[in-house]
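A.B. asks: Here's a sequence, model it:
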Amino acid sequence: MSKLLTRVLMASLMLPGAMWASADDDSARQGIEEIMVTATRREESVMEVPQSIQAIQRETLELPIYRNVRDIFNKVPGATAGITQGGKLPVAEGIQLRGSGITQTNAGGGMQPVGYYIDDIPYVDPFGATPPPLGTFDLDSIEVLRGPQGTSWGQDSSAGSVIMRTAPVNMEEFGYRVSAGMMSYSKGSQGYEYSAIVNAPIIEGKLGLRVAIESQEDPGFGEVRGRPEVEDPFNTERDTLRAKLTWLPTDSSEVTFTHTEWATKYRFIPGSNIIDSSRGVMEVVPLSWDLGLEVFPDGIPINNYDIEWNTVMVNVDLGFATLTYAGGNVEATDRDYVDENLAYGIVSLTEMPSDTTTHEIRLVSKEGPIEWLVGFLDMDAESANELAYNYQVYGEFTDYNKTDLEAQAAYGEVTWNVSDQISVFGGIRSQEEDRTENSSSAMRAPGDPPGGPYTGYQLGAGAASYSHDNTSYRFGVRWMPSENGIVYLTRSTASRAPVPVTETTRALLAAEGFPNLSDADASEMTSTELGTKWTLMDGSLDLELVYALGEWEDIPMWSGYGLAGGPLSAAVGGTDADIDAIEVMLDWRVTDSFGITYVGAFTSSEVTGVPDPSKVANFPTAIRVGGDLYNYSPRTHALTLNYAMDFDSGWQGYANATYSMREAPDGFSSVLTPTAYVKAYEDYKVLNLSAGARKDGWDVNVSISNATDFDGQYTPDYSRVNQSIIMFPRAFHLRISHSTF
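C.D. replies: Below is the predicted model of the structure:
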C-alpha cells in the first residue's frame, strides 16, 4: 500500500505542478467553460471544491442515449448500477460507488450507502435499494459526490450522494418544448417517446408554473420459451408528470412546490424468470406454479411501479446566511414484484407499498473568511410488505412485514479560509434511528385468495427493533498553490445501522445448534481521501486524481442456514474490510469544436476480519481473511468524444460517442454459493453514439445505443444455468424536438 500511495502522491503533486509551471494563470479558465456545483451547499467551481465530484450538464442529459439516470453512471469513475445478492431490477437495483456493493447487497437497516436528492430535497425510500425512477427528462444537471457526505447533506450516505436538479421555473418569459421520438432494436421491436414542457409566468416576476409530461415505451428484447406468440416479454411503459410552482413573496424569499408522478408498467421484470441467456438473448419461462397462474392465467405477469413525490422548498435570504426548509414525501402507491425464481424454486407475489416523509432545515452562511452551515433532518417512514410464496419444500404461505423507521440528525460544518491558498474545514453529525419490524407468516387455507391474506396454519410471528445512535465527523485541508490547481486531504466517518433479527429467529437458530447470532453491531466506515485538481494547458485541460481508502468494520453478511422450519439465511456482523480506489478524470478541450473526456477507476479490496467461528456457526467460507470482497468492478473506464461545428446555413452540428467498460465482478449468494464467489462471464462493455443538428429551436438527433451489439453475460450467474442479466441489443433512436427556451 505504501508504494501505491507514494505513486499517487507523486502523480498528483509533481506531474500537474510541472505542467502548471508552463501555464498562464490568468488564462487558465478561458479554455473550458467553468462548471459550477453546489456540493458544499454553496455555488462553487467544480475544480475548486475539495471533494471528488462528477458533474453532468443538461446538454448531455438531453441526448436520447441517456434516457435514464442510471445511464449516465457509465460516465462516473468506479460507479456501477448493480444487481446485488442475486436480486432483480428494479427491486434490487442500486448505484454503487467505491465498492459499496458489499453494503448495498446487505442493505436492510437504516439509510442507503448512496443518498439521492432531487432539487436539494432528500429522496428517501429505506425499504429497498432502489433509486428514484427519475429519467433525464427536463433535468438541469446531475452531481455525483463520492465518499461520505453526512456533515453537509441530510442523509448519512457512506459511499456518496447523487444530486439531481430539475429545470427551474422561468418567472419572466413564457416558453415551451415539445419532443417526439422512436426507437427500434436491430432484432425487431420498436418503442416511442413523447414529451412536452410548458413554462408560464402567472404573475411576472412573482409567480410561475412549469409543467412537464413524458411518455415512454421500451419493448425490450427477449423470448418466452415455448410461447413464440408472446412478443416483447420485457416491455416497459413509463409515464411521468411533474408540476413545479415557484412563488417569490419578497425580494429575499422564494417558495417552490413540486408534484411528480411516475407510473411504470413492466411485463417480466428485467432479470426475472430467466432460463437461459447464453445465446445473446434473455429467454424466460412463463409462470408455471398454480399460485402465479391464479393471478396471471396466461403465465405472463404484469408489474406496476407507481410512485408519487411531493415537495416544498422555502429559501429566505437573511443577509448573513440563507435559511432553507425542504420537505418531501415519497409514496410508493403500487409496487409489485412477481417472479418465479428457478434457482431457489420459489414463485412470489409481492406488494411493497411504502410512505416516507422528510423535513430538513438548514442555515448556510455567505462567503467569507469563516463559512459555516448547520442543518437538522427528521424522517418518518413506514412500509407494509405483503409477500405470497410458493416454495417447493414448504408449500404456499404468506409473509407480512410491517416496518416503522424514524430518524433525526443534526449536522454542521465550518470552513476557515486561512489565506488565499489554504483552507481548513471540519464537520460533525449526530444521528438517531429507531426501527421496528413486525412480521407474521401463515400457510394458505382452502378458499384463501392467491395473494393473501392466508388463514391457515400460523408459521409464527415476530418483532425486531433497534435504536441506533451515531456520531460521525469530517475534517480536512485544501491547498491552492496557484489559481489553477488545488490539493486536498480529508478524513471522514459514517455508520449504518445493523440488520434486525427477530427473537423468534434467534430462538429457532439456537434450537438448531446455531447460537450467538451476531447482528447487534452497526457497520462503521472511515474514509481517507487525497485528491488534486488542475486546470492546465492554458485552460484547455481539466485533470483530477483521487486516492480513497475506506476502512469498514462490522459489515452485515448473510449466512445460509436452510433450516426446515425457518429462515434460509440470516444477517450476521463481524466482517471487516478495506477498500482502495484510485480515480482519474480528464477533460480536454482539444479545439473549439472537439473535446475528449476520460474517467477511470481502479478498485481493490481485502477482507481483514470475519466472525469468530465459535460464536457464529455456518458463516460462508467464501468470505475469508485476506480475500477480496464482491459486487464491484475492479476496473472501470469510460472515454467520451464530443464534436460540434457551425454550418453556413445557420445549423449547428454535434456528435457524441461514449465507450464504457467495467471489469467482470465477483458475485456471491449465501444460499446458492456459500463456499466460493461466482464471477461474471464477461466484462461489461457498451458503446453509445449520438449525432444531430440544431437551428432556431429545432433539434434533430439520431443515436445508437449498444452500438457494438454487446450481449455478454456481465452479471454473476448464481444458478450456474446461464441466468445472467445481459444488455438489450443494438437500438436506433430518432428524436425531433422544438424549444423556445
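
A.B. asks: Give me the pLDDT for the residue lying closest to Thr311 once chain neighbours are set aside.
C.D. replies: Closest residue in space to Thr311, ignoring its immediate chain neighbours: Gly328 at 4.3 Å, by Cβ to Cβ, 6 or more residues apart in numbering. Just so you know, the C-beta spots here come from the backbone N, C-alpha and C atoms, and that holds for glycine as well. pLDDT for Gly328: 95.

A.B. asks: Tell me which helix or strand Gly328 sits in.
C.D. replies: Assigning secondary structure by DSSP states H and E places Gly328 in strand 321-341.

A.B. asks: if we can go back for a sec, residues in contact with the residue nearest to Thr311?
C.D. replies: In this structure, Gly328 makes contact with 118, 121-124, 309-312, 357-358, judged by Cβ atoms under 8 Å, 6 or more residues apart in numbering.

A.B. asks: Specify the beta-bridge partners of it.
C.D. replies: Taking DSSP bridges as the rule, Gly328 bridges to Thr311, Thr358.

A.B. asks: Over to Ile56?
C.D. replies: Ile142.

A.B. asks: I figured it was touching Asp71, is that so?
C.D. replies: No. Taking Cβ atoms under 8 Å as the definition, Ile56 is not a contact partner of Asp71, at 10.3 Å.

A.B. asks: Extract the CA atoms of the strand holding Gly328 and return them as CSV.
C.D. replies: The C-alpha trace of strand 321-341 is given here as CSV (Å, rounded to 0.1, in the frame of the first residue of the first chain):
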residue,chain,number,x,y,z
ALA,A,321,-26.9,33.5,5.7
THR,A,322,-29.6,31.6,3.7
LEU,A,323,-32.3,29.8,5.6
THR,A,324,-33.9,26.8,3.9
TYR,A,325,-36.7,24.5,4.7
ALA,A,326,-37.0,21.4,2.4
GLY,A,327,-39.9,18.9,2.9
GLY,A,328,-40.7,15.9,0.9
ASN,A,329,-42.9,12.8,0.8
VAL,A,330,-42.2,9.7,-1.2
GLU,A,331,-45.2,7.3,-1.5
ALA,A,332,-45.0,4.0,-3.4
THR,A,333,-48.7,3.6,-4.0
ASP,A,334,-48.4,0.4,-6.1
ARG,A,335,-45.2,-1.5,-6.2
ASP,A,336,-45.3,-5.1,-7.5
TYR,A,337,-42.7,-7.8,-7.8
VAL,A,338,-43.8,-11.1,-9.5
ASP,A,339,-41.1,-13.6,-10.0
GLU,A,340,-40.6,-17.4,-10.5
ASN,A,341,-37.1,-17.9,-9.2
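
A.B. asks: Mind giving me the packing neighbours of the helix or strand where Arg210 lies?
C.D. replies: Using DSSP H and E, Arg210 falls within strand 207-218. Where contact means 3 or more Cβ pairs under 8 Å, 6 or more residues apart in numbering; DSSP states H and E, strand 207-218 is packed against strand 190-203, strand 236-247.

A.B. asks: Would you mind giving me the ChimeraX syntax to select the buried ones in the contacts of Gly328?
C.D. replies: To isolate the buried members of those in ChimeraX, using 16 or more other Cβ atoms under 10 Å:
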select :118,121,122,123,124,309,311,312,357,358
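
A.B. asks: least confident pick among the contacts of Gly328?
C.D. replies: Comparing those by pLDDT, Val124 comes last, at 81.

A.B. asks: Make sure that residue is actually in contact with Ala381.
C.D. replies: Yes. If you go by Cβ under 8 Å, Val124 and Ala381 touch, sitting 6.8 Å apart.

A.B. asks: which residues of the stretch 251-400 of the chain fall in strands?
C.D. replies: Counting by DSSP state E, counting those that start in this stretch, the stretch 251-400 of the chain has strands at residues 253-266, 274-276, 283-284, 303-317, 321-341, 346-351, 354-365, 370-391, 395-417.

A.B. asks: if we can go back for a sec, which of the contacts of Gly328 lies closest to Val625?
C.D. replies: Val124 (35.1 Å; Cβ to Cβ).

A.B. asks: ok, and the closest non-adjacent residue to that closest one?
C.D. replies: Thr356 (5.1 Å).

A.B. asks: and what of Glu413?
C.D. replies: Glu413 sits nearest to Gly427 (Cβ to Cβ, 6+ apart), 3.5 Å away.

A.B. asks: Kindly report the same for Phe710.
C.D. replies: Per Cβ to Cβ, 6+ apart, closest to Phe710 is Lys685, 5.0 Å.

A.B. asks: Next: Asp587.
C.D. replies: Closest to Asp587 by Cβ to Cβ, 6+ apart is Asp542, at 4.2 Å.

A.B. asks: mind checking the SS state of the one you found?
C.D. replies: strand (DSSP: H, G, I helix; E, B strand; the rest coil).

A.B. asks: Thought Asn170 was touching Gly208, still the case?
C.D. replies: Yes. The pair Gly208 and Asn170 passes the contact test of Cβ under 8 Å, sitting 6.5 Å apart.

A.B. asks: which residue is nearest the middle of this structure?
C.D. replies: The centroid of the chain falls nearest to Ile95 when counting by Cα atoms, centre = their mean (3.1 Å).

A.B. asks: Let me know whether it touches Val162 as I believe.
C.D. replies: Yes. Judged on Cβ under 8 Å, Ile95 makes contact with Val162 at a distance of 6.5 Å.

A.B. asks: From Ala622, how far off is Tyr466?
C.D. replies: Using Cβ to Cβ, to the nearest Å, one obtains 27 Å as the distance from Tyr466 to Ala622.

A.B. asks: before we move on, the earlier item: quick one: the residue nearest to Asp587 from Ser141, how far?
C.D. replies: In terms of Cβ to Cβ, Asp542 sits 17 Å off from Ser141.

A.B. asks: Next: Phe174.
C.D. replies: Distance from Phe174 to Ser141, by Cβ to Cβ: 23 Å.

A.B. asks: quick one on the thing from earlier: now render the helices and strands packed on strand 207-218 as a markdown table, adding mean pLDDT, distance to Glu433 and mean neighbour count.
C.D. replies: Below are those laid out as a markdown table (pLDDT from 0 to 100; distance: least, Cβ to Cβ, whole Å; neighbours: other Cβ atoms under 10 Å):
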| stretch | mean pLDDT | distance to Glu433 | mean neighbour count |
| --- | --- | --- | --- |
| strand 190-203 | 95 | 39 | 17 |
| strand 236-247 | 95 | 31 | 19 |
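
A.B. asks: Can you lay out those strands as CSV showing distance to Thr490?
C.D. replies: Listed next are the helices and strands packed on strand 207-218 as CSV, based on distance: least, Cβ to Cβ, whole Å:
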stretch, distance to Thr490
strand 190-203, 39
strand 236-247, 35
